[in-house]
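[1] no FASTA, just this:
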Ligand SMILES: CCCCCCCCCC/C=C/CC(=O)SCCNC(=O)CCNC(=O)[C@H](O)C(C)(C)COP(=O)(O)OP(=O)(O)OC[C@H]1O[C@@H](n2cnc3c(N)ncnc32)[C@H](O)[C@@H]1OP(=O)(O)O
């Protein structure tokens, strides 16, 4: 059934021990022989925290799927309870200057590639999806989520500010007043609330069902000319994409300045400490 399983073992050297997950690739791409749809799975235990390595692998996998001429892309997670915990806070806490730059630049690349992808995209959200996890999900065209998890942009709760392009993805899905209130509150939506508000499109009772519903969405374009479809999507998304493309350097500068503020560092430190305390109880 699987045309190919791309899951190479690429050794990686990094000088910062805390960022080393392991030497293996942190994403896999499986292409269904029959449908031609690619499933891109994030696999960085324990919580799919988006660090530089996972972002790099995501970026390469998206590129690979575009180059393969796959019929569509489904983004999901190998973790049974977490889609992605969002950005790995360790990348921003007491950061190494050069690595911080590479980290943010790669996150920009991933968003541009996923939000602007020429192929139809869907997210099978099989677990919690805060902040950066929500960014990935809302960059896709369709979302199917499993019950009793949470999704949202909770940045204000961490004392940080979601950049404009995070908001663009959110606003492409939610009505403006719902998005504005949720962003200001740092609101995390339960699966039911997400469905009621339109943040997700469907609920599924298992990962398999979620993947099937995503495939069904992608299949709904089978009678549409692929070039016409992708040019239509790209035109609709062009303004947000160009905004970041034209302001990448300033966006990076703002991020670095903001993250290095003592108050932000203090807040991130406390948030991390609380996360660790919680995980020990
Ligand atoms: C004009 C202004 C311009 C502004 C420009 C600047 C903009 C800066 C913006 C930066 C944007 C950031 C977006 C983000 O994504 S920030 C990250 C937000 N993520 C979260 O808040 C999620 C936190 N995690 C959780 O809520 C839970 O972990 C979970 C995902 C619900 C899972 O819960 P579970 O109980 O299963 O697991 P644990 O909590 O026990 O966690 C297991 C271990 O993983 C560590 N962990 C969890 N999340 C993160 C994370 N995001 N980063 C790093 N580490 C994380 C946790 O501490 C546990 O570690 P331990 O086992 O070592 O104790």
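    That came in fine, so what should we check first? Keep in mind that this is a model prediction, so the values were computed, not measured.

[2] only C-alpha atoms for contact and neighbour calcs from this point on.
    Noted.

[3] how about the helices in the stretch 151-281 of the chain?
    For the stretch 151-281 of the chain, the helices defined by DSSP state H, counting those that start in this stretch cover 164-171, 176-185, 191-197, 207-219, 226-246, 248-259, 262-280.

[4] what is the helix or strand harbouring residue 74 packed up against?
    When elements are assigned from DSSP states H and E, residue 74 belongs to strand 72-77. If you count contacts as 3 or more CA pairs under 8 Å, 6 or more residues apart in numbering; DSSP states H and E, strand 72-77 packs onto strand 37-42, strand 121-125, helix 207-219.

[5] contact residues of the protein facing the ligand?
    Where the chain comes near the ligand, counting by CA under 6 Å from any ligand atom, the residues are 46-47, 49, 85-90, 128, 130-132, 155, 160-163, 254-255, 258, 272, 275-276, 279.

[6] show me those residues that map onto strands.
    Using DSSP state E, residue 130 are the members of these that sit in strands.

[7] just the buried subset of the residues of the chain next to the ligand, written out for PyMOL, thanks.
    Buried residues among those (16 or more other CA atoms under 10 Å), as a PyMOL selection:
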select buried, resi 47+49+85+86+87+88+89+90+128+130+131+132+155+160+161+162+255
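
[8] for residue 159, see how far away the residue most central in space within the chain is.
    Geometric centre of the chain, nearest residue: residue 136, 2.2 Å, by CA atoms, centre = their mean. Separation of residue 136 from residue 159 (CA to CA, to the nearest Å): 21 Å.

[9] tell me which element the residue nearest to the centre of the chain falls in.
    Per DSSP H and E, residue 136 falls inside helix 132-139.

[10] tell me what the nearest residue to residue 188 once chain neighbours are set aside is bridged to.
    Spatially, and ignoring its direct neighbours in sequence, residue 188 is nearest to residue 152 (4.5 Å; CA to CA, 6 or more residues apart in numbering). Applying DSSP bridges to residue 152 yields these beta-bridge partners: residue 130.

[11] for the stretch 101-250 of the chain, give me the ranges with low pLDDT.
    Along the stretch 101-250 of the chain, the model assigns pLDDT under 70 to no residue.

[12] recalculate using a threshold of 90.
    Scanning the stretch 101-250 of the chain for pLDDT under 90 picks out the ranges 158-159.

[13] buried stuff in stretch 201-220?
    201-204, 207, 209-215, 217-219.

[14] distance of the closest residue to residue 185 other than its chain neighbours relative to residue 268?
    The shortest distance from residue 185 to any non-neighbouring residue, by CA to CA, 6+ apart, is to residue 156 (6.8 Å). Going from residue 156 to residue 268 by CA to CA gives 12 Å.

[15] who's more crowded, those two?
    residue 268 (21 against 15; other CA atoms under 10 Å).

[16] just say helix, strand or coil for the nearest residue to that one once chain neighbours are set aside.
    Distance criterion CA to CA, 6+ apart; nearest residue to residue 268, sequence neighbours excluded, is residue 93 at 6.3 Å. For residue 93, the assignment made with DSSP: H, G, I helix; E, B strand; the rest coil gives coil.

[17] so who does residue 93 touch?
    259, 265, 268-269 (CA atoms under 8 Å, 6 or more residues apart in numbering).

[18] before we move on, what about residue 197?
    Per CA under 8 Å, 6+ apart, neighbours of residue 197: 174, 178.

[19] and for residue 162?
    Here residue 162 is in contact with 153, 155-156 (CA under 8 Å, 6+ apart).

[20] run the last query once more with 6 Å
    residue 155 (CA atoms under 6 Å, 6 or more residues apart in numbering).

[21] how about the one 4 residues further on?
    Counting by CA under 6 Å, 6+ apart, residue 166 makes contact with residue 135.

[22] number the residues from 190 up from this point.
    Will do, 190 is the new start, and the previous item becomes residue 355.

[23] quick check: closest non-adjacent residue to residue 326.
    residue 312 (5.5 Å).

[24] what's the burial count for the one you found?
    28.

[25] surely it meets residue 266?
    No: with contact defined as CA atoms under 6 Å, residue 312 does not reach residue 266; the gap is 9.5 Å.
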